[in-house]
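> kindly generate the corresponding structure for this input.
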Amino acid sequence: MIKFVNVNNQQIKEKVSMKKFLGILAIAFVGGAVALGLNHFFFSEKTMPQSFEEQQKVQFANQESVVAEIGGDFVEVSEHATPAVVHIKTEIDLAQSGNTTEMFDPFGFFDDPRFKRNQPRQASGSGVIIMNNGYIATNNHVIENASKIEVILNDKRSYDAELVGRDPETDLALLKIEEKDLPFLSFGNSDDVRVGEWVVAVGNPFNLTSTVTAGIVSAKGRNINLLRQNSEYAIENFIQTDAAVNPGNSGGALVNTKGELIGINTAIASQTGSYAGYSFAVPVNIAKKILDDLRKYGEVKRAILGVRIQDVTAELAMEKGIKDIEGVYVPDVVDGGAADKAGIKPGDVILSIDGEAVNKASELQEEISRFHPGDDIVVVLKRDNEQIEKSVKLLSKDGKKEITTEAIREEKVVLGGTFENLGHTEKMELKISNGVRIKKIGKGPLKDKDVPEGFVITTIDKQRVYTTKDVEKLLENKEGSILIDGVMPNGDEESFAIRVEK
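Residues are numbered from 1 along each chain as shown. All right, here's what the predicted structure looks like:
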């Protein structure tokens, strides 16, 4: 909070002339104009930054910042964060997904006996808008196996979301809706989060939209063995808080008192499925890299060190003759892996990764998760109580050095056309609740039947389509006659019967 200090204010005011004031005002005006010019020069569309964090730094300057100190309450933080947290509703066809019994369901979404086997099930969760052009972060378990994903904004506008990509190893997913100028949360630095500091959780527990709870950071670096049940590459280094989190909060925001996003709320420790005192969030410093990879590649480019690891405890130190209880112990090294090639051996104790100290297995995992295959890092370790340094080139799961940073996600061409999602406003103007626009038509069945570019497909063989992935899924392997209903660019309803021959 900014406070004015009274140090002979009257005397100081008398010494400041109107001429000096006008001079200062003129300098400020010129400085502002120059800054705006430089901003336009450096951050034009041709030179837009490539990561979410870089884009946030450019665009967040246009938003009002939240006061750094909360002054005894959480009003300003809540008012800032709530509009950027969305309600996510999904439909899950278990029969179509091929999984009718066991699903990763840490909050017990599907325990209700009213849900019937092999029938579509509904679940809800939360998400965080991380860019004003419609990118939304959430949990993988919120959207897993979903046949439809609906995003509802704080102002009640509703959108059909596209799943850009998901990562079960961190339980993160990235969605996209077609809208502009949305409120969003800027990334904080989860490494700087301290135990005992105040935090705010925003989400939609029990379908109670836009719910805010407050608490403190109870611990950092928590490994609760939740994600490792499904993957040996799972990364768990959760922020633990005592802010109340319940079913429906998954994917919501954990925010510091500056209004910065520091975590994605993911799980609770409970015997009943409801809040029992502890909740856990994926640190935003892990999420940054994961979400960037999902946006650029549609998948995570995960770097692997190639070691088995465990915490150094007093018992382990005594057993192995380790002098100091610090670092992360390496009981085994993967043959041919990055660590093996760099000369790291079983029995070594890793002290730091690229300058960052690690004292827990979960901390080491988090540090490695920030790199890509092909990146070079420096590993400091102890061997026989002697400190040594190793240079390591990280590899992918399959042992490759994938250094390329070029996007590999391409538009799919189906029936000779490419497609794009519609924004909320466009659907309102066309008076439709769902639909996908044909973006471009080349040689193929669509062109043969004179389907125009700009035609909005609403159903394919009487099945509604909400996103481009729906169209691709329904048309990709079709053959024979296909009935496409929709709306012409002028708003007229039209149907096309298309025959596809393989």
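
> C-alpha from now on. contacts and neighbour counts both.
Noted.

> relative to Pro489, how far out is the closest residue to Ala317 other than its chain neighbours?
Computed as Cα to Cα, 6 or more residues apart in numbering, the closest residue to Ala317 that is not its neighbour in sequence is Ile325, at 6.4 Å. Counting by Cα to Cα, to the nearest Å, the gap from Ile325 to Pro489 is 69 Å.

> same check, this time on Phe184
Applying Cα to Cα, the value for Phe184 to Pro489 is 32 Å.

> with neighbour numbers in mind, choose between those two.
Phe184 (27 against 14; other Cα atoms under 10 Å).

> wait, doesn't that one sit right on Gly134?
No: assessed by Cα atoms under 8 Å, Phe184 is found out of contact with Gly134, at 9.0 Å.

> output the longest strand along the chain as PDB, nothing but the C-alphas.
The strand that spans the most residues within the chain, counting by DSSP state E, is strand 211-222. C-alpha atoms of strand 211-222 as PDB (Å, rounded to 0.1, in the frame of the first residue of the first chain):
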ATOM      1  CA  THR A 211     -16.200 -19.000  -5.500                       C
ATOM      2  CA  VAL A 212     -13.200 -17.500  -3.700                       C
ATOM      3  CA  THR A 213     -11.500 -19.000  -0.600                       C
ATOM      4  CA  ALA A 214      -8.400 -17.900   1.200                       C
ATOM      5  CA  GLY A 215      -5.600 -19.600   3.100                       C
ATOM      6  CA  ILE A 216      -1.900 -19.800   3.500                       C
ATOM      7  CA  VAL A 217       0.800 -21.800   1.800                       C
ATOM      8  CA  SER A 218       1.200 -24.800   4.100                       C
ATOM      9  CA  ALA A 219       4.100 -26.500   2.400                       C
ATOM     10  CA  LYS A 220       6.000 -26.700  -1.000                       C
ATOM     11  CA  GLY A 221       7.400 -29.600  -2.900                       C
ATOM     12  CA  ARG A 222       4.700 -32.100  -1.900                       C
END
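
> which other helices and strands contact that strand?
strand 198-203, strand 238-241, helix 361-369 (3 or more Cα pairs under 8 Å, 6 or more residues apart in numbering; DSSP states H and E).

> Asn189: which of those is closest?
In terms of Cα to Cα, the element of these nearest to Asn189 is strand 238-241, at 12.3 Å.

> so what strands line up beside whichever helix or strand comes after the closest one?
For strand 238-241, the following helix or strand on the C-terminal side (DSSP states H and E) is strand 253-256. Applying DSSP bridges to the sheet, strand 253-256 is found paired with strand 198-203 (antiparallel), strand 261-269 (antiparallel).

> so which bits of the first one are buried?
By that I understand strand 198-203. Residues of strand 198-203 classed as buried: Trp198, Val199, Val200, Ala201, Val202, Gly203 (neighbour count, 16 or more other Cα atoms under 10 Å).

> can you check stretch 376-387 too?
Ile377, Val379, Val380, Leu381, Lys382.

> can you list these in JSON lines and add secondary structure, pLDDT and distance to Asn145?
As requested, the buried residues of stretch 376-387 are exported to JSON lines (DSSP: H, G, I helix; E, B strand; the rest coil; pLDDT from 0 to 100; distance: Cα to Cα, whole Å):
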{"residue": "Ile377", "secondary structure": "strand", "pLDDT": "95", "distance to Asn145": "37"}
{"residue": "Val379", "secondary structure": "strand", "pLDDT": "97", "distance to Asn145": "39"}
{"residue": "Val380", "secondary structure": "strand", "pLDDT": "96", "distance to Asn145": "42"}
{"residue": "Leu381", "secondary structure": "strand", "pLDDT": "96", "distance to Asn145": "42"}
{"residue": "Lys382", "secondary structure": "strand", "pLDDT": "95", "distance to Asn145": "45"}
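
> how many neighbours does the closest residue to Val255 other than its chain neighbours have?
Of all residues not flanking Val255 in the chain, Leu261 sits nearest, at 4.7 Å (Cα to Cα, 6+ apart). Look at Leu261: counted by other Cα under 10 Å, it has 28 neighbours.

> pull the contacting residues for Leu261.
When contacts are counted by Cα atoms under 8 Å, 6 or more residues apart in numbering, Leu261 touches Leu185, Ser186, Phe187, Gly188, Ala253, Leu254, Val255, Val284.

> again, only using 10 Å
Going by Cα atoms under 10 Å, 6 or more residues apart in numbering, Leu261 touches 81, 128, 130, 184-190, 199-201, 252-255, 283-285.

> pull out the buried members of those residues.
81, 128, 130, 184-188, 190, 199-201, 252-255, 283-285.

> distance check, the most centrally placed residue in the chain against Phe187.
Against the mean C-alpha coordinate of the chain, by Cα atoms, centre = their mean, the closest residue is Ala137 at 3.4 Å. Counting by Cα to Cα, the gap from Ala137 to Phe187 is 12 Å.

> find residues that contact each of these two.
Joint contacts of Ala137 and Phe187 (Cα under 10 Å, 6+ apart) are Ile130, Ala287, Lys288.

> quick check, the residue nearest to the centre of the chain in contact with Val282.
No: with contact defined as Cα atoms under 10 Å, Ala137 does not reach Val282; the gap is 11.3 Å.

> which neighbours do these two share?
Common neighbours of Ala137 and Val282 (Cα under 10 Å, 6+ apart) are Leu172, Gly251, Ala253, Ile264.

> what is the neighbour count of Thr138?
Count around Thr138 with other Cα under 10 Å applied: 30.

> that one pairs with what?
Beta-bridge pairing for Thr138 (DSSP bridges): Ala173.

> show me the domain layout of this protein.
What automatic domain parsing lists as the domains of the chain is 75-297, 307-393, 417-500.

> picking that back up, list the contacts of the residue nearest to Ala317.
Ile325 sits next to Asp311, Val312, Thr313, Ala314, Glu315, Leu316, Ala317, Met318, Val349, Asn359 when contact means Cα under 10 Å, 6+ apart.
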